[in-house]
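A.B. asks: Got a sequence here, can you build the structure:
(2 chains)
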Amino acid sequence: MVNKATEMKSMTVEHAKPASNFIKVVAAVVWKDLRAELRSRELFSAMLVFSLLIILIFNFALELDIKTRQSVTAGVLWATFAFAGTLGLNRSMAIEKDRGCLDGLLLAPVDRSAIYFGKVISNLAFMLMVEIIVLPIYSVLYTVNLFQPGLLLVILLGSIGYVAVGTLLSAMSVQTRTRDILLPILLFPVVIPVLLAAVKASNGFLAGAELADILLPINLLIAYDIIFIAVAFMVFDNVVEE
Amino acid sequence: MIIVKKLVKRFGLKTVLRGVDFEVQPGEFVALLGPNGAGKTTFLRILASLSRPTLGEVNIAGYKLPNQASQVRSRLGVVSHLPLLYGDLTAEENLRFYGRMYGITALDALITEVLEMVGLEARRHDLVRTFSRGMQQRLTIGRAVLHDPDVVLFDEPYTGLDQDASSMLDEVLKTVAAKGRTVVMTSHDLVHAEDLATRFDILSHGVIAASASRKELKRTNLLSFYKQALAA
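C.D. replies: Prediction:
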């Protein structure tokens, strides 16, 4: 083993240009998260099972007629996504922390916001995968057609805002002993504007409202997404620093 | 290679490091010894740019911390008592991921070379979670030297290893040092430290209480030097 090593050729390590490095680091973090999740499936399966349980519980607990079901759909959907999302965000950052991998990431000579964007993209991918499975099941259980392009756009925008702020706060809460309970306590008050705008826009599409009436919550969602991503981009380095 | 002047680190009201002065020449292997709670890990985390100093100056390879942290990180390899590896990735995938994080382009040959160095070539496609603690620690060292750093920091690398794994780790550490790298290793394992290091510094109550080179230690043994330093 080591004899070979002592004779080791002087390693000529070639480094990529810094400009292209940002995107490569984002891609590396996403690749790593998806690859590990593909093997363990612990994060995705926990989120999915939890989501399905929530919509089932609401379905049996509310026992609503078809018309009322439509009116509560947006609220039930976003409550489901928010709770399941918290579970995923917590687990995603706990995986980094438990074996010291977060230190491994922070030791790399890269812009730390690239690590943040990598985590956001992979967390968003997990959340969207869960939503893709939950939506048809919800449609069948509640006899509501959720496959409307407008509604799908709202779900995408809402998920981006939720994950953007959730990834930042999970990086903060994972450093504490009470990380499992701290994340929802920190996250839900901050993400309320996103959830309110998402519920309002979703309700509008489900009720068949005019686009002009739904435009305000959609614009709000876009604005919140941009603000949250910009703030996280600026403060992530300080959040993860000890 | 490493110059630390009057380093102070406080956590709230608790002062962990109380004005540490520390200097390491290129190619030196320094064992930083001390009892639990002496501040060894805190000191190493500051050198690794994972923690900011409260006061004082830290200069590594000509770059100042924390302002030039990115330049320092590219010249630094760190091994802690945690593996810093993903259990659901294979040995090769872990090295590939960290290689990308360091912007290394020609990775394939380098990964093979590093896996051979740490004796894990045959297990390159196995998931890290199936590795023993000793194997994980060797892969951790492989990860730390993948980008060919000038300085390598080891934080209690022998924690949780049995006799065989410790002996194998000894060999790997010698290999890492043999390339002319500057090495700082914290430990309370005097036997391994005595075998490997060229200089011994004792950290006690947040300051360097004593320092001696291997040459100077010939007059006495490391254990009595260590005990004297702690008693002073």
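
A.B. asks: Need phi/psi at residue B:119.
C.D. replies: With angles defined as degrees, to the nearest 10, residue B:119 sits at phi 70, psi 30.

A.B. asks: Model confidence at it, what's the number?
C.D. replies: Listed pLDDT for residue B:119 reads 89.

A.B. asks: Equivalent analysis for the one 5 residues further on, please.
C.D. replies: What the model reports as pLDDT for residue B:124 is 95.

A.B. asks: these two touch, right, it and residue B:114?
C.D. replies: No: at 10.1 Å, residue B:124 does not count as touching residue B:114 under the criterion of C-beta atoms under 8 Å. Bear in mind the C-beta positions are built from the backbone N, C-alpha and C, glycine included.

A.B. asks: Give me the more crowded residue out of these two.
C.D. replies: Taking neighbours as other C-beta atoms under 10 Å in any protein chain shown, residue B:124 and residue B:114 compare with residue B:114 leading, 27 against 17.

A.B. asks: How is chain B partitioned into domains?
C.D. replies: Taking automatic domain parsing as the reference, chain B has its domains at B:1-75+B:152-232, B:83-148.

A.B. asks: which one of the ones you listed lies closest to residue A:104?
C.D. replies: Closest of these to residue A:104 is domain B:83-148, at 3.8 Å (criterion: C-beta to C-beta).

A.B. asks: is that closest one up against chain A anywhere?
C.D. replies: Yes: with C-beta under 8 Å from any C-beta of the partner chain as the criterion, chain A is reached by domain B:83-148 at B:83-89, B:93, B:97-98, B:100-106, B:110, B:113, B:116-119, B:127, B:143, B:146-148.

A.B. asks: how close does the spatially most central residue of chain B sit to chain A?
C.D. replies: Geometric centre of chain B, nearest residue: residue B:154, 1.6 Å, by C-alpha atoms, centre = their mean. For residue B:154, the distance to chain A (C-beta to the nearest C-beta, to the nearest Å) stands at 14 Å.

A.B. asks: Not counting the host helix or strand of that residue itself, show me its contacts.
C.D. replies: In this assignment (DSSP states H and E), residue B:154 forms part of strand B:151-155. Strand B:151-155 is contacted by residues B:1-2, B:40-41, B:44, B:47-48, B:60-61, B:75-81, B:144-145, B:173, B:176, B:181-187 when judged by C-beta atoms under 8 Å, 6 or more residues apart in numbering or on different chains.

A.B. asks: Residue A:21 is in contact with residue B:105, isn't it?
C.D. replies: No: between residue A:21 and residue B:105 there is no contact under C-beta under 8 Å: 10.6 Å.

A.B. asks: List phi and psi for the closest residue to residue B:19 other than its chain neighbours.
C.D. replies: Closest residue in space to residue B:19, ignoring its immediate chain neighbours: residue B:6 at 4.8 Å, by C-beta to C-beta, 6 or more residues apart in numbering or on different chains. Backbone torsions for residue B:6, taken as degrees, to the nearest 10, come to phi 50, psi 50.

A.B. asks: for the chain, which spans come out with low pLDDT?
C.D. replies: Picking chain A for this. A:1-20, A:64, A:66, A:242 (pLDDT under 70).

A.B. asks: Chain B was what I was after
C.D. replies: B:219-220.

A.B. asks: Strands along that one, start to end?
C.D. replies: B:2-11, B:14-24, B:29-33, B:55-60, B:63-65, B:76-79, B:151-155, B:182-187, B:199-204, B:207-213 (DSSP state E).

A.B. asks: Show me the one of those strands that comes nearest residue A:178.
C.D. replies: Checking the strands of chain B against residue A:178 by C-beta to C-beta gives strand B:2-11 as the closest, at 18.2 Å.

A.B. asks: so who does the residue nearest to residue B:19 touch?
C.D. replies: Applying C-beta under 8 Å, 6+ apart to residue B:6 gives the contacts B:19, B:20, B:21, B:55, B:56, B:57.

A.B. asks: switch the cut-off to 7 Å
C.D. replies: Neighbouring residues of residue B:6 by C-beta atoms under 7 Å, 6 or more residues apart in numbering or on different chains: B:19, B:21, B:55, B:56.

A.B. asks: for residue B:137, same thing?
C.D. replies: B:157, B:161, B:169.

A.B. asks: Let's see if you can find the most crowded of the residues you listed.
C.D. replies: Among those, the one with the most neighbours (other C-beta under 10 Å) is residue B:157, at 25 neighbours.

A.B. asks: Excluding chain neighbours, give the residue nearest to it in space.
C.D. replies: Spatially, and ignoring its direct neighbours in sequence, residue B:157 is nearest to residue B:79 (5.5 Å; C-beta to C-beta, 6+ apart).

A.B. asks: and the longest helix along chain B, which residues are buried?
C.D. replies: Secondary structure of chain B per DSSP state H: the longest helix is helix B:163-178. Across helix B:163-178, burial judged by 16 or more other C-beta atoms under 10 Å in any protein chain shown covers B:165, B:166, B:168, B:169, B:170, B:171, B:172, B:173, B:175, B:176, B:177.

A.B. asks: So for residue A:21 and residue B:105, which residue has more residues nearby?
C.D. replies: Higher neighbour count among residue A:21 and residue B:105: residue A:21, with 21 against 13, using other C-beta under 10 Å.

A.B. asks: in a helix, that's where the more buried one is, yeah?
C.D. replies: Yes: assessed by DSSP: H, G, I helix; E, B strand; the rest coil, residue A:21 belongs to a helix.

A.B. asks: OK, contacts around it?
C.D. replies: Going by C-beta under 7 Å, 6+ apart, residue A:21 touches A:110, B:103.

A.B. asks: let's see it at 6 Å
C.D. replies: Residue A:21 makes contact with residue B:103 under the criterion C-beta atoms under 6 Å, 6 or more residues apart in numbering or on different chains.

A.B. asks: What of residue A:116?
C.D. replies: Residue A:116 makes contact with residue A:236, according to C-beta under 6 Å, 6+ apart.

A.B. asks: what helix or strand does it sit in?
C.D. replies: helix A:112-142.

A.B. asks: buried residues in that helix?
C.D. replies: For helix A:112-142, by 16+ other C-beta under 10 Å, it's A:112-127, A:130-131, A:134-135, A:138, A:142.

A.B. asks: which one is residue A:108 nearest to, not counting chain neighbours?
C.D. replies: Distance criterion C-beta to C-beta, 6+ apart; nearest residue to residue A:108, sequence neighbours excluded, is residue B:101 at 3.9 Å.

A.B. asks: now the helices: where do they sit in chain A?
C.D. replies: A:2-6, A:18-40, A:42-62, A:66-98, A:101-106, A:112-142, A:149-173, A:179-206, A:211-240.

A.B. asks: and these as a markdown table, adding distance to residue B:209?
C.D. replies: Listed next are the helices of chain A as a markdown table, based on distance: least, C-beta to C-beta, whole Å:
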| stretch | distance to residue B:209 |
| --- | --- |
| helix A:2-6 | 34 |
| helix A:18-40 | 41 |
| helix A:42-62 | 47 |
| helix A:66-98 | 33 |
| helix A:101-106 | 28 |
| helix A:112-142 | 36 |
| helix A:149-173 | 37 |
| helix A:179-206 | 37 |
| helix A:211-240 | 33 |
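
A.B. asks: Fine by me, we can end here.
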